[in-house]
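> Sequence below, structure please.
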Amino acid sequence: MKRNVLIFISLLWAISGFAQKAAETIAKLHDPSDKTVLVASHRADWRNFPENSLEGIQSAIDMGVDIVEIDLKRTRDGELILMHDKTVDRTTTGKGLVSDFTLDSIKGLNLKNGCGVKTRSKVPTLIEVLLLCKDKVVINVDQGFSFYEQVHQQLEETGTVNQVLIKSEYPADRVMEDFAKQKGEKMMFMPIINYGKKDGAEVFKSYQSKMPVIAYEVVFPEMKPEVEACFKDILKSHSKIWINTLWGSLCADMDDDMALKDPESIYGKHIKAGATIIQTDRPEFLIKYLRSKRLHK
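Here you go, the predicted structure:
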């Protein structure tokens, strides 16, 4: 009996800790003066579990990430599920377009791991993910802004509106139109400023003059003067800088694989440039580095 009570108390402490961490992350996102470096796990913990899976998300939460990045697609019968590609071929045991599957048929498939091997994991719905993550971790919705209204409805149903950071490459006018349709609390928003595309600078200007945002995700194949100027302008506007270290073309070749050899020369440079949110494919390694620098709890 005593042992069961101790286990119950331990579980309560764990749940309380996760809830506290989510609230702290939200507060830090809203505080431009906070210098904590937040860790965003790309497609959850896909090195150990299938990408965009409930198991991978739970693993990322357990290791202490601040933000879990997910991708959305919609089934033929209008259900939002987690899936990066337009087809199910790469990540599941099925073949074909996501939009040709009903939710029931999607649930009949199994997810594959990073080596393409079948697992027992199933494709989760957005609702399932929101319930898993509620009060535990901030969710970054990628490839989901085109479903904005439906996403917002599900956030309201699950009480997770303030816990979600959605992003888009759309210019400010388009985003403001969608936001204006929603009454009440709005989810956090982050524009993607891609200097690998011709309109990257113009998209950035559209937000500077019209719409304050939590953070800017900056993509830069090369560290050119215009990128350096963008970083400075972001910091002046009291927003945060989100950097992707997933592969070289996103961050001027200063990526996770290079960081394995010398994290200070990679992550340290991004942080020195002003980044306080780093999306990574190696969350455990990044957290360990940041904690050694007292930049992460």
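> Distance-wise, check the closest residue to residue 133 other than its chain neighbours relative to residue 44.
Of all residues beyond its chain neighbours, the one nearest residue 133 is residue 139 (5.4 Å), with distances taken as CB to CB, 6 or more residues apart in numbering. Just so you know, the C-beta spots here come from the backbone N, C-alpha and C atoms, and that holds for glycine as well. Using CB to CB, to the nearest Å, one gets 10 Å for the distance from residue 139 to residue 44.
> Between those two, which has more neighbouring residues?
Counting neighbours by other CB atoms under 10 Å for residue 139 and for residue 44 shows that residue 44 has the greater number, 28 against 25.
> quick one: that one from residue 94, how far?
In this structure, residue 44 and residue 94 are separated by 20 Å, where distance is defined by CB to CB.
> Likewise for residue 155?
With CB to CB as the criterion, residue 155 and residue 94 are 28 Å apart.
> Likewise for residue 108?
Residue 108 is 8 Å from residue 94, by CB to CB.
> Number of residues surrounding residue 189?
Residues within reach of residue 189, counting by other CB under 10 Å, total 22.
> try residue 230
22.
> you'd agree it is up against residue 191?
No - under the criterion of CB atoms under 8 Å, residue 230 is not in contact with residue 191, lying 11.6 Å apart.
> got any residues that touch both of those two?
When CB atoms under 8 Å, 6 or more residues apart in numbering defines a contact, the residues bordering residue 230 and residue 191 alike are 204, 216.
> Tell me where the stretch 51-200 of the chain has strands.
Taking DSSP state E, counting those that start in this stretch as the test, the strands found in the stretch 51-200 of the chain are 67-74, 80-82, 138-142, 164-168, 188-194.
> counting contacts, what elements does the last one pack onto?
Translated: strand 188-194. Applying 3 or more CB pairs under 8 Å, 6 or more residues apart in numbering; DSSP states H and E, one finds that strand 188-194 contacts strand 164-168, helix 172-181, helix 200-210, strand 215-219.
> Could you find the closest non-adjacent residue to the residue most central in space within the chain?
By CA atoms, centre = their mean, the mean C-alpha position of the chain lies nearest to residue 69, the distance being 2.5 Å. Across the structure, with CB to CB, 6+ apart as the measure, the residue nearest residue 69 apart from its sequence neighbours is residue 140 (4.4 Å).
> likewise residue 179?
Using CB to CB, 6+ apart, the closest residue to residue 179 is residue 186 (5.9 Å).
> and if you look at residue 200?
In space, residue 200 is closest to residue 194, 4.8 Å off (CB to CB, 6+ apart).
> can you pull the contacts of the one you found?
Contact partners of residue 194, counting by CB under 8 Å, 6+ apart, are 169, 200, 203, 219.
> farthest-separated two in those residues?
203 and 219 (10.9 Å; CB to CB).
> Overlap of the contact sets of these two?
Common neighbours of residue 203 and residue 219, counting by CB under 8 Å, 6+ apart, are 192-194.
> Pick the one among those closest to residue 53.
Nearest to residue 53 out of the shared contacts of residue 203 and residue 219 is residue 192 (CB to CB; 24.1 Å).
> before we move on, back to that, I'd like the helices and strands packed on strand 188-194 written out as JSON lines, with mean neighbour count added.
Listed next are the helices and strands packed on strand 188-194 as JSON lines, based on neighbours: other CB atoms under 10 Å:
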{"stretch": "strand 164-168", "mean neighbour count": "23"}
{"stretch": "helix 172-181", "mean neighbour count": "14"}
{"stretch": "helix 200-210", "mean neighbour count": "16"}
{"stretch": "strand 215-219", "mean neighbour count": "23"}
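> Mean pLDDT and distance to residue 25 for the ones you listed - can I get that in TSV?
Written out in TSV, the entries for the helices and strands packed on strand 188-194 read as follows (pLDDT from 0 to 100; distance: least, CB to CB, whole Å):
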stretch	mean pLDDT	distance to residue 25
strand 164-168	96	10
helix 172-181	91	22
helix 200-210	92	22
strand 215-219	98	12
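> closest one to residue 134 among these?
If you check each of the helices and strands packed on strand 188-194 against residue 134 by CB to CB, strand 164-168 wins as the nearest, at 10.6 Å.
> got a list of contacts for the closest one?
By CB under 8 Å, 6+ apart, the residues outside strand 164-168 that reach it are 29, 67, 138-142, 144-145, 148, 151, 155, 174-175, 187-192, 214-215, 217.
> Okay then, goodbye and thanks.
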